[in-house]
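J.: Give me a 3D structure for the following:
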Amino acid sequence: MSTDAPGGPRTIFLVPDIHDLQTGGNVYNRQMIEGLPPASEVRVCAWTPSETSAAALGLSEGDVIVVDSLLAERRGALRALRTEYPAATLVVLVHYLDCVDPYTEDPDVAAEGRAMLSVADAAIATSQYVRRALIDKGLAAEQVMVVRPGLHARYRGALPLRLGRRPPRLLTVANLLPTKGLRPFVDVLARLRDLPWTWHLVGDLSLDPEYAANVYRRLRATGLTHRTTWTGVVAPDVLRTWYDRADLFVLPSRFETCSLSTREAMACGLPVVGYRVGGMPENVGDSAAGALVPPHNPRALRDALRALLKDPLARRERGRAAWRQSRAFPTWAAAAEQFRDALTALHDRTLE
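T.: Got it, this is the predicted structure:
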């Protein structure tokens with residue numbers, strides 16, 4: 001496939017109905033779509049499979065159909081596409097799938113996800129961890145390629161100067177969803193109340209209002225509301241200021257395929273504390289960029305936070321290591337070029 005050749009196959013992005021929201025996966029999708037060559041024919045479809053049939057999408061047999069993994073997990077969605085467009089190239093863009101999450105709480109959904117993968121022609125993963133997991137679930141190695149997220153130009157500046165203010169500011173950038181581990185993290189913070197700190201949470205509260213309410217109730221029950229700031233969603237250019245005002249980035253997610261917010265925090269010179277899950281270790285690499293602790297070990301997470309909260313020099317050194325590591329992260333333009341190349345290679349393999 002040559003995506004910049006007139007008359008070549010169309011590239012169709014099938015995205016969920018929440019594609020306008022500020023999630024890491026949606027940011028990635030928009031950057032990949034914008035990065036496709038102007039001469040190529042690209043179409044973006046927001047699809048709700050329960051409301052619109054695959055036939056009603058008006059696609060064609062020669063299309064390269066990129067399916068966001070949130071859609072791929074909808075029951076029967078990929079099979080409907082395969083039935084309706086048997087000769088099209090189906091590529092799953094894996095931001096998250098239950099079947100690659102070893103800590104999933106729904107084994108039936110994970111099993112269905114594994115079966116679903118057999119319908120796809122190929123997949124693009126955002127980390128090597130996800131690529132290995134997809135291969136382990138049955139995809140051939142040549143069917144899976146990795147394209148990590150890029151960084152916006154606003155994160156390409158010099159290492160920010162931090163003045164060692166008191167109390168230290170903890171920052172979490174995550175939508176309020178159960179997988180982000182925010183409610184149990186409140187209990188971690190409760191055991192650090194003897195230290196001075198404030199916690200600033202940036203993320204969408206509307207995706208799971210019940211869970212967001214549970215987090216707030218737990219904060220209130222532990223008496224930590226006066227030390228916590230909730231911002232809700234902020235504009236991308238404003239988000240950079242939250243990184244700059246922070247002293248320490250913490251992401252207590254149960255599982256992450258990659259984590260764009262972690263990479264942005266590192267580019268802003270913030271040490272990172274979280275669990276050693278999924279693609280998180282790939283962000284840090286061999287650098288001393290923070291502390292990733294064993295999964296499901298809140299005591300280890302608490303101890304890592306305590307050590308860095310008490311030692312501003314260690315925070316500074318680990319923040320510098322994080323910033324240096326981030327210099328190797330691609331720009332969004334470079335990531336989009338890798339994405340185009342991956343689509344070309346994966347499509348060509350389906351024609352062999």
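
J.: can you pull the contacts of the nearest residue in space to residue 251 that is not next to it in sequence?
T.: Nearest residue to residue 251, sequence neighbours excluded (C-beta to C-beta, 6 or more residues apart in numbering): residue 274, at 4.2 Å. All C-beta atoms are positioned from the backbone trio N, CA, C, and that covers glycine. The contact partners of residue 274, taken as C-beta atoms under 8 Å, 6 or more residues apart in numbering, are 250, 251, 252, 253, 256, 262, 280, 290, 292, 293, 301.

J.: would you say residue 274 is within a strand?
T.: Yes: under DSSP: H, G, I helix; E, B strand; the rest coil, residue 274 sits within a strand.

J.: returning to what we had before: which one of the contacts of residue 274 is nearest to residue 156?
T.: Among those, residue 262 lies closest to residue 156 (C-beta to C-beta), at 16.7 Å.

J.: Find the nearest non-adjacent residue to the closest one, please.
T.: Spatial nearest neighbour of residue 262, excluding adjacent residues (C-beta to C-beta, 6+ apart): residue 283 at 5.2 Å.

J.: By mean pLDDT, flag the weakest helix or strand of the chain.
T.: The weakest-scoring helix or strand in the chain, judged by mean pLDDT, DSSP states H and E, is helix 107-117 (a mean of 76).

J.: one step back: render the CA-only coordinates of the helix or strand harbouring the residue nearest to residue 262 in PDB, please.
T.: According to DSSP states H and E, residue 283 maps onto helix 280-284. In PDB, the C-alpha atoms belonging to helix 280-284 read as follows (Å, rounded to 0.1, in the frame of the first residue of the first chain):
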ATOM      1  CA  MET A 280       5.300   1.600  32.200                       C
ATOM      2  CA  PRO A 281       8.800   0.100  32.500                       C
ATOM      3  CA  GLU A 282       9.500   0.900  28.800                       C
ATOM      4  CA  ASN A 283       8.900   4.600  29.500                       C
ATOM      5  CA  VAL A 284      11.500   4.600  32.300                       C
END
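
J.: Which positions in that helix come out as buried?
T.: Neighbour counts over helix 280-284 (16 or more other C-beta atoms under 10 Å) mark 280, 282, 283, 284 as buried.

J.: returning to what we had before: now the contacts of residue 274 in JSON lines, please, with extra columns for pLDDT.
T.: JSON lines is the format used below for the contacts of residue 274 (pLDDT from 0 to 100):
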{"residue": "250", "pLDDT": "98"}
{"residue": "251", "pLDDT": "98"}
{"residue": "252", "pLDDT": "98"}
{"residue": "253", "pLDDT": "97"}
{"residue": "256", "pLDDT": "97"}
{"residue": "262", "pLDDT": "98"}
{"residue": "280", "pLDDT": "97"}
{"residue": "290", "pLDDT": "90"}
{"residue": "292", "pLDDT": "97"}
{"residue": "293", "pLDDT": "97"}
{"residue": "301", "pLDDT": "98"}
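
J.: tell me, what residue is most central in this structure?
T.: residue 259 (4.0 Å; C-alpha atoms, centre = their mean).

J.: From residue 286, how far off is it?
T.: Counting by C-beta to C-beta, to the nearest Å, the gap from residue 259 to residue 286 is 18 Å.

J.: ranges for the helices of the stretch 201-350 of the chain?
T.: Per DSSP state H, counting those that start in this stretch, the stretch 201-350 of the chain carries helices over the ranges 209-221, 236-245, 260-267, 280-284, 298-309, 312-326, 332-351.

J.: what about the stretch 51-200 of the chain, any weak spots by pLDDT?
T.: The model of the stretch 51-200 of the chain has pLDDT under 70 over residues 163-164.

J.: tell me the pLDDT at the residue nearest to residue 251?
T.: Residue 274 is assigned 97 on the pLDDT scale.

J.: picking up where we left off before, which ones are touching the residue nearest to residue 262?
T.: 258, 259, 262, 263, 266, 272, 289, 325.

J.: how close does the fourth one sit to residue 210?
T.: Here residue 263 is placed at a distance of 30 Å from residue 210 (C-beta to C-beta).

J.: The nearest residue to residue 172 once chain neighbours are set aside pairs with what?
T.: Nearest non-adjacent residue to residue 172, counting by C-beta to C-beta, 6+ apart: residue 201, 5.1 Å away. Note on residue 201: beta-bridge partners by DSSP bridges are residue 172, residue 230.

J.: Residue 201 contacts residue 228, correct?
T.: Yes: between residue 201 and residue 228 there is a contact at 6.7 Å, judged by C-beta atoms under 8 Å.

J.: who has more neighbours, the two?
T.: Shown here are residue 201 and residue 228; by other C-beta atoms under 10 Å, residue 201 has more neighbours (22 against 18).
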